[in-house]
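**Student:** Just the structure for this:
(one chain, ligands or ions: 1)
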Amino acid sequence: MLEVLNPATGEVVERLDQATEEDADAAIARAKEAFPKWRTVEPSDRSRLLRRLADALDAEKENLAQLESKNTGKPLGDSRGEIEMVVDTFHYYAGAPERLLGDSIPVSGGVDVTFREPLGVVGLIVPWNFPLTIASWKMAPALAAGNTLVLKPAELTPLTAIEFERIARDAGIPEGVVNVVVGPGRAVGQRLVEHPDVAKVAFTGSTAVGKKVMEGAAATIKRVTLELGGKSANVVFADADLEEAAATAPAAVFGNAGQDCCARSRILVEKSAFDDFLSLMQPAVENLRVGDPFDEATDMGPLISAEHREGVASYVPEDAPVAIKGSAPEGSGFWYPPTVLAPLTNEDRAAREEIFGPVVAVIPFEDEDDAIRQANDTIYGLSGSVWTRNGARALRVAHRIETGVLSINSNTSVRVATPFGGMKQSGVGRELGPHALDYYTEVKNVYISTEGEEHSSEPWARSEEGA
Ligand code: TXE
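**Tutor:** Next comes the predicted model:
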């Protein structure tokens, strides 16, 4: 029996039966059976069905947002924004079935065209930090391209995925196309990775489990996309709008209580502006309201679990250089205060590992080369920001930072219409935007001879004749 908790109170909100490997097999079998029919649904009809699903999600968005906040502890306003993105993601990919264009390639003796075909059954494994949002980034392009799917939500946050399965069915998505299996990563997740009838696994989670997924997928040469950890740098030059950079830096790392793969958890500040930056940042940290997710004034909720809080706290030992500390409620719930460690070096543990909590390392740098060297001195490469008023420098630095997404004078990472994903050990592949569809389709090349019977169409035959 799986006990689902509310992290803001520590109370059980739901008790669910856990799926087993046999349940995973049954879901894969249902998806396999549904695939031939779903892939041949007329593109315009598939489009219409996905649009209807987006509208159905829109109609239930308040219910879904409330459920997401109850299960994750994130502020209700954040959950509403996330569910809005789920709806937008389905609307965006609803336009894709009729736009999955192939190529026509000039060749001699015939016509050559490419088709973009669905993969088959795809297994989607998602984490607890943005439960339904991250699932939608995978489900919408997968379905638009004609795949059927099995979704495994994180054990800690299965509630919106269960609702999604019902909403999809009610919206007319055919039986077996969308299957949700709630169960442990090691049994159900692993089964999706190893099962020969699953053509691809799309995974978001820790880099450690991502490596296991890649390894497990090798046995059946399964396609994989991985969206893993990050240790993104927020690079602030002395010539930047320091007030804006400092006022927005806390939200860029403490948003979702720091449980965000794009969190700017290293702030690199040019030495000459270091003290000014910290002074400007202080009120923004101290004024963060940490508390009840259902209070509209709340900026930050609790961490996901007691165990995770212990892990986060281990990065702030007794002798840690805590420069700024926010507040957090006492008592039940998995609370942790926003914490700024400064000055740190890029060698410190808090600057090297993904903490996934509201703890940030502020690190000085000497000049542009030093900033780039430190920003790149990490195994990760997911996100990041550059703050400067010098346009040429902004582009120079953006080119040299090894990261999949970067923003200049902004802390945003994700948009429905633009590609998102990591370099280095932050992952493989891209989600969102037009690029995601490449990862849910195979390219098939078809050559059609236009030569008559009397002509040989084989180039080697022709060269033999000429020889
Ligand atoms: O992630 P896991 P967890 C990081 C973050 C966090 C740490 C642990 O640092 O503290 O990971 O979080 C399923 N085969 N991120 O434990 O274990 C699991 O059931 C197949 C960063 O929650 O990676 C869940 O559905 N699947 C990240 C999903 O994988 C397996 C987001 C993620 O779980 C499996 C989350 C296995 N062997 C955590 N083992 C980000 N970058 O956004 C587990 N799973």
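
**Student:** For stretch 319-337, buried residues please.
**Tutor:** 323-324, 326, 328, 333-337 (16 or more other CB atoms under 10 Å). Using the backbone N, CA and C atoms, a C-beta is placed for each residue, glycine as well.

**Student:** gap between that stretch and the chain center?
**Tutor:** Distance of stretch 319-337 from the chain centroid (CA atoms, centre = their mean, to the nearest Å) equals 27 Å.

**Student:** What of stretch 308-319?
**Tutor:** The answer for stretch 308-319 is 25 Å, by CA atoms, centre = their mean.

**Student:** Quick one: end-to-end distance for that stretch.
**Tutor:** 21 Å (CA to CA, to the nearest Å).

**Student:** What is the burial count for the residue of the stretch 351-467 of the chain found nearest the ligand?
**Tutor:** Across the stretch 351-467 of the chain, no residue is closer to the ligand than Phe356, which sits at 3.7 Å (CB to the nearest ligand atom). Counted with other CB atoms under 10 Å, the neighbours of Phe356 add up to 25.

**Student:** for Glu194, what are its contacts?
**Tutor:** Taking CB atoms under 8 Å, 6 or more residues apart in numbering, we find Glu194 in contact with 216, 219-220.

**Student:** cool, and Ala24?
**Tutor:** Contacts for Ala24 (CB under 8 Å, 6+ apart) come out as 150, 152, 181, 183, 187-188, 191-192, 195.

**Student:** what about the nearest residue to it once chain neighbours are set aside, distance to the ligand?
**Tutor:** Counting by CB to CB, 6 or more residues apart in numbering, Ala24 lies nearest to Arg191, which is 4.1 Å off, once chain neighbours are set aside. Using CB to the nearest ligand atom, to the nearest Å, Arg191 is found at 8 Å from the ligand.

**Student:** Quick check: which element contains Arg191?
**Tutor:** For Arg191, the host element (DSSP states H and E) is helix 190-194.

**Student:** So for that helix, mean pLDDT?
**Tutor:** Helix 190-194 comes out with an average pLDDT of 98.

**Student:** which outside residues touch stretch 389-408?
**Tutor:** In contact with stretch 389-408 (CB under 8 Å, 6+ apart) are residues 232-233, 235, 237, 239-241, 262, 368, 371-372, 375-376, 381-388, 409, 413-414, 418-424, 426-427, 430.

**Student:** pLDDT at the residue lying closest to His91 once chain neighbours are set aside, what is it?
**Tutor:** Once flanking residues are discounted, His91 sits nearest to Ala54: 4.5 Å by CB to CB, 6+ apart. If you check Ala54, the pLDDT there is 98.

**Student:** what's near enough to touch Ala54?
**Tutor:** With CB under 8 Å, 6+ apart, Ala54 has these contacts: 87, 90-91, 94.

**Student:** So what's the residue count around the residue lying closest to Leu76 once chain neighbours are set aside?
**Tutor:** Counting by CB to CB, 6+ apart, the nearest residue to Leu76 once its immediate chain neighbours are dropped is Ser69, at 4.8 Å. Look at Ser69: counted by other CB under 10 Å, it has 24 neighbours.

**Student:** for the record, mean pLDDT for the host helix or strand of Ser69?
**Tutor:** Counting by DSSP H and E, the element that carries Ser69 is helix 61-72. For helix 61-72, mean pLDDT is 98.

**Student:** Quick check: mean pLDDT of whatever helix or strand comes next after it?
**Tutor:** Proceeding N to C from helix 61-72, the next assigned helix or strand is helix 76-94, under DSSP H and E. Per-residue pLDDT over helix 76-94 has a mean of 98.

**Student:** List of residues touching helix 76-94?
**Tutor:** 47-48, 50-51, 53-54, 57-58, 61-62, 64-66, 68-69, 72, 74, 130, 132-133, 136-137, 140-141, 143-144, 255-256, 293-294, 296, 416-417, 432, 436-437.

**Student:** Give the buried subset of those residues as a ChimeraX selection command.
**Tutor:** Of the contacts of helix 76-94, the buried ones go into a single ChimeraX selection, burial set by 16+ other CB under 10 Å:
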select :47,50,51,53,54,57,58,61,64,65,66,68,69,72,74,130,132,133,136,137,140,141,143,144,255,256,293,416,432,436,437
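
**Student:** Skip the chain neighbours and tell me the closest residue to whichever residue of the stretch 251-400 of the chain sits closest to the ligand.
**Tutor:** Among the residues of the stretch 251-400 of the chain, Cys261 lies closest to the ligand, at 2.8 Å counting by CB to the nearest ligand atom. Using CB to CB, 6+ apart and skipping residues adjacent in sequence, the residue nearest Cys261 is Gly230, 4.7 Å away.

**Student:** Contact partners for the one you found?
**Tutor:** 261-263, 265, 354, 380-383, 422, 426.

**Student:** can you rerun that using 7 Å?
**Tutor:** 261-263, 354, 380, 382-383, 422, 426 (CB atoms under 7 Å, 6 or more residues apart in numbering).

**Student:** Mind checking which of those residues are buried?
**Tutor:** Buried among those by 16+ other CB under 10 Å: 261-263, 354, 380, 382-383, 422, 426.

**Student:** Test my guess that Glu442 contacts Glu117.
**Tutor:** Yes. With contact defined as CB atoms under 7 Å, Glu442 and Glu117 form a contacting pair (5.3 Å).

**Student:** The residue sitting nearest the centre point of the chain sits in which helix or strand?
**Tutor:** In the chain, the residue lying closest to the centroid (CA atoms, centre = their mean) is Ile134, at 5.2 Å. Mapping Ile134 onto the secondary structure by DSSP H and E places it in helix 131-144.

**Student:** So which elements touch that helix?
**Tutor:** Helices and strands touching helix 131-144, by 3 or more CB pairs under 7 Å, 6 or more residues apart in numbering; DSSP states H and E, are helix 43-59, helix 61-72, helix 76-94, strand 121-125, strand 148-152, helix 159-170.

**Student:** Of all these, which one is nearest the ligand?
**Tutor:** Nearest of the helices and strands packed on helix 131-144 (CB to the nearest ligand atom): strand 121-125, 4.8 Å.

**Student:** what's near enough to touch Leu16?
**Tutor:** Leu16 sits in contact with 2, 4, 158, 182, where contact means CB under 7 Å, 6+ apart.

**Student:** From the ligand, how far off is it?
**Tutor:** Leu16 is 14 Å from the ligand, by CB to the nearest ligand atom.

**Student:** same question, Glu117
**Tutor:** Counting by CB to the nearest ligand atom, the gap from Glu117 to the ligand is 26 Å.

**Student:** need the contact list for that residue.
**Tutor:** With the criterion set at CB under 7 Å, 6+ apart, Glu117 makes contact with 441-442, 444.

**Student:** Is it part of a helix or strand, or is it coil?
**Tutor:** Classification of Glu117 by DSSP: H, G, I helix; E, B strand; the rest coil places it in strand.

**Student:** and stretch 91-104, which residues are buried?
**Tutor:** 91-94, 96-97, 100.

**Student:** Same question for stretch 230-246.
**Tutor:** 230-237, 240, 242, 245-246.
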